[in-house]
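1. No sequence on hand, only this structure:
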């Protein structure tokens, strides 16, 4: 049977969202271009893109609900069903998988009792596999609400989700402090992150990712991208870091007899 038209938001919610939506639409010469951030906006309201949210976007942009639905179902960043406060994505693409990503994903599925795309009963964690987190030099990588947790192991990933469910403070390896998925969606809609220190804490690419850029600029590369297992970086101290190199998988790449990182100068 055809679905009935989606219900409207309650009046007070719609008034608030319309105010935010107009700010977004005013940034674009063509209002249609505002659809992606508007979808993030409605996702920040309920934690996923509902039929009501898609109807709201269509009304604000003078589009059909079919046009909005086509976009909302194309991008995986828009959730189509209720999901957790924390979206835990495990990279299972080639390099992360070889370095232990598959083992991490299997461990979390068993530990949380959910499958891919499943949400824990307490509504805290949604687990999913991700094709690539674009952080291969820190493999295997887990992301929580798009913030990086680098060099993970099954054990460290399990502790991570336990802390998330317990409400403990969890710090990403780099980047801004962690916030809920609804808060993340509002930031992605284009509204400022007003948490103290959040913008200043945003990190960039890691050293191994920037080797080519430094060489292109004619800069002399540092002698090593990743320091040997158990040693501190030159000029610094060894910080506590839950790393796949601290608890390596039993593979030749992570065997103690094969130190992490290149053994020759960068660029050779």
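-> That came through, no problem. Quick caveat: nothing in here was measured; it's all calculated off a predicted structure.
2. Tell me where this structure has strands.
-> 86-91, 125-130, 142-144, 147-149 (DSSP state E).
3. Contacts for stretch 38-53 next, please.
-> Residues outside stretch 38-53 that contact it (Cβ atoms under 8 Å, 6 or more residues apart in numbering): 3, 6-9, 13, 17, 20-21, 24-25, 54, 56-57, 60-61, 65, 68, 71-72, 78-83, 85, 181-183, 185-186, 188-190. For every residue, glycine as well, the C-beta is placed using N, CA and C.
4. rewinding a little: using TSV, lay out the strands of the chain together with mean pLDDT and mean neighbour count.
-> Listed next are those as TSV, based on pLDDT from 0 to 100; neighbours: other Cβ atoms under 10 Å:
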stretch	mean pLDDT	mean neighbour count
strand 86-91	94	25
strand 125-130	93	22
strand 142-144	93	24
strand 147-149	90	23
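5. how about those strands in CSV, adding distance to residue 104?
-> As requested, these are arranged in CSV below (distance: least, Cβ to Cβ, whole Å):
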stretch, distance to residue 104
strand 86-91, 5
strand 125-130, 10
strand 142-144, 7
strand 147-149, 10
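6. who wins for proximity to residue 114 among those?
-> Proximity to residue 114 (Cβ to Cβ) singles out strand 125-130 among the strands of the chain, at 5.4 Å.
7. which secondary structure elements does the closest one contact?
-> strand 86-91, helix 101-112, helix 154-166 (3 or more Cβ pairs under 8 Å, 6 or more residues apart in numbering; DSSP states H and E).
8. From residue 94, how far out is the residue sitting nearest the centre point of the chain?
-> Compute the mean C-alpha point of the chain, and by Cα atoms, centre = their mean the closest residue is residue 146, 1.6 Å away. Counting by Cβ to Cβ, to the nearest Å, the gap from residue 146 to residue 94 is 21 Å.
9. what does residue 16 give?
-> 44 Å.
10. remind me, longest helix of this structure?
-> helix 11-25 (DSSP state H).
11. which residues touch that one?
-> With Cβ under 8 Å, 6+ apart as the criterion, helix 11-25 contacts 8-9, 31, 34, 37-38, 41-42, 45, 56, 60-61, 189-191.
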